[in-house]
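>>> got a predicted structure here, sequence first:
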Amino acid sequence: MEDYFLGVHQQELERLDRQHTAWQPSTEQLIKRANLPNCKSILDFGCGPGFTTFEIAKHCPNTQITALDKATLYQDYLKHQIEQKKIKNIQPLYEDVLNLLNHADTYDGAFCRWVLAFLIPDLKEILSAIYEKLNPGGVFAAMEYLTLGNVLSSPPNDGFLANTKGWHNFYLTNGGDANIGTYLPKLLQEAGFTLEHQTCVGGFAPVGHRWWHWWRDAHENFAPVFVEQNLMTEEERLEANAFFKAQETNEKGFIFSPIILQVVARK
Ligand SMILES: C[S@@+](CC[C@H](N)C(=O)[O-])C[C@H]1O[C@@H](n2cnc3c(N)ncnc32)[C@H](O)[C@@H]1O
C-alpha cells in the first residue's frame with residue numbers, strides 16, 4: 001500500500017502529534033456533539049498514529065474502537081502505544097479504506113479527521129462504503145478542511161500568502177482538495193446520510209495561539225516540499241519564514257487560520 005502525499009515518516013508523526021494538541025478541544029467537541037460514547041463500536045479510519053483514536057477512547061471507555069490506517073509506521077506506533085497504555089478497547093486494522101467492504105464487521109459509529117481530502121477520486125465510493133458499514137441509526141462524524149481560501153495574516157505578507165497558495169495547490173496537484181468541506185455535506189446526503197449537525201472551527205488566531213503555532217509548524221515542515229514541487233519559490237519560503245519569526249514578537253499580530261468543517265451525519 002502506497003503512502004499518501006503528505007508522506008509517512010517520523011518527523012510527520014511528531015507533527016501530527018502537535019497538530020492533535022492544536023485541535024484537541026475542537027475534536028473533543030465533535031466527539032461529544034456526535035454522542036460517540038453512545039456507540040458500542042466505532043471505526044476511526046485514516047487514524048494515523050492514533051491521536052484521534054486515543055481521544056475517542058478517552059471519551060468512550062466502553063466502546064470497541066477499530067483504528068484503520070494503511071501506513072505501517074503509524075500502525076506500529078499505535079500498537080506500541082496500546083501496549084504501553086494497556087488499552088483494551090482499541091483494535092488496530094492495517095488496511096486501505098478502499099478495501100473496507102472486504103471486512104465483515106459493522107459499526108455504530110464512524111469517525112475521520114483530515115482523511116477524505118486526500119481521497120477525492122474515490123470519495124463517493126468511500127462514503128457509500130462507510131454508509132454500508134454503519135448499523136441502522138449509526139453516526140458518522142467527520143472533520144475536514146472547508147477551505148484555505150480565507151487564510152490571511154495581519155500584517156499582510158507575500159511569503160505568507162505564497163505559503164497558503166502552496167498548500168492549496170499541493171492538494172490539487174496530488175489528487176486531493178482542501179475545499180472538500182464545501183461539497184462533503186452534499187455527497188454525504190447523496191450517499192444516504194441525513195445531516196444532523198454542521199459547524200466550522202478555526203479562524204482568528206493571535207500570535208501564540210495554538211492554531212498560529214499549528215500553521216507555522218505546517219509551513220516549516222512542508223514549504224521545502226512545495227519548493228521541490230515548484231508550488232512556491234525559495235525566496236517566498238524564506239520570506240514566509242522571516243514573517244513568522246518576526247510575528248513571534250508582534251503582540252498585536254494575528255492570522256486567520258484555515259477553516260475546518262465538522263459534520264455529524266446519521267444513517
Ligand atoms: C493527515 S493524517 C490524519 C491522521 C489522523 N486522522 C489525525 O487526525 O491525526 C491522514 C491519514 O490518512 C491515512 N490515509 C490516507 N489514505 C488512506 C487510505 N486510502 N486508507 C487508509 N488510510 C489512509 C494516512 O496514512 C494518514 O495516516
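Sure thing, it's come through.
>>> which intervals of the stretch 1-150 of the chain have sub-threshold pLDDT?
Where the stretch 1-150 of the chain drops to pLDDT under 70, the residues are 1-2.
>>> can you tell me which residues in it are near the ligand?
Within the stretch 1-150 of the chain, the positions adjacent to the ligand are 4, 6, 8, 16, 20, 46-48, 51-52, 69-71, 74, 96-98, 113-115, 118-119 by CB under 6 Å from any ligand atom. Where C-beta positions appear, they are placed from N, C-alpha and C, glycine not excepted.
>>> assign a three-state SS to Asp177, would you?
Taking DSSP: H, G, I helix; E, B strand; the rest coil as the rule, one finds Asp177 in the coil state.
>>> skipping its backbone neighbours, what lies nearest it in space?
In space, and not counting its chain neighbours, Asp177 is closest to Ile120: 4.9 Å by CB to CB, 6 or more residues apart in numbering.
>>> ok, how many other residues are close to the one you found?
Applying other CB atoms under 10 Å, we find 17 other residues in the vicinity of Ile120.
>>> and it, what does it touch?
Residues counted as contacts of Ile120 (CB atoms under 8 Å, 6 or more residues apart in numbering) are 175-177, 180.
>>> go on, Phe222?
Residues near Phe222 by CB under 8 Å, 6+ apart: 6, 166-167, 170.
>>> what helix or strand is it located in?
Secondary-structure assignment from DSSP states H and E places Phe222 in helix 210-228.
>>> out of the residues of the stretch 1-150 of the chain next to the ligand, which sit inside helices?
Per DSSP state H, helices hold the following members of these: 16, 20, 51-52, 74.
>>> could those be laid out in JSON lines, adding neighbour count?
Below are these laid out as JSON lines (neighbours: other CB atoms under 10 Å):
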{"residue": "Leu16", "neighbour count": "19"}
{"residue": "His20", "neighbour count": "19"}
{"residue": "Phe51", "neighbour count": "23"}
{"residue": "Thr52", "neighbour count": "28"}
{"residue": "Tyr74", "neighbour count": "23"}
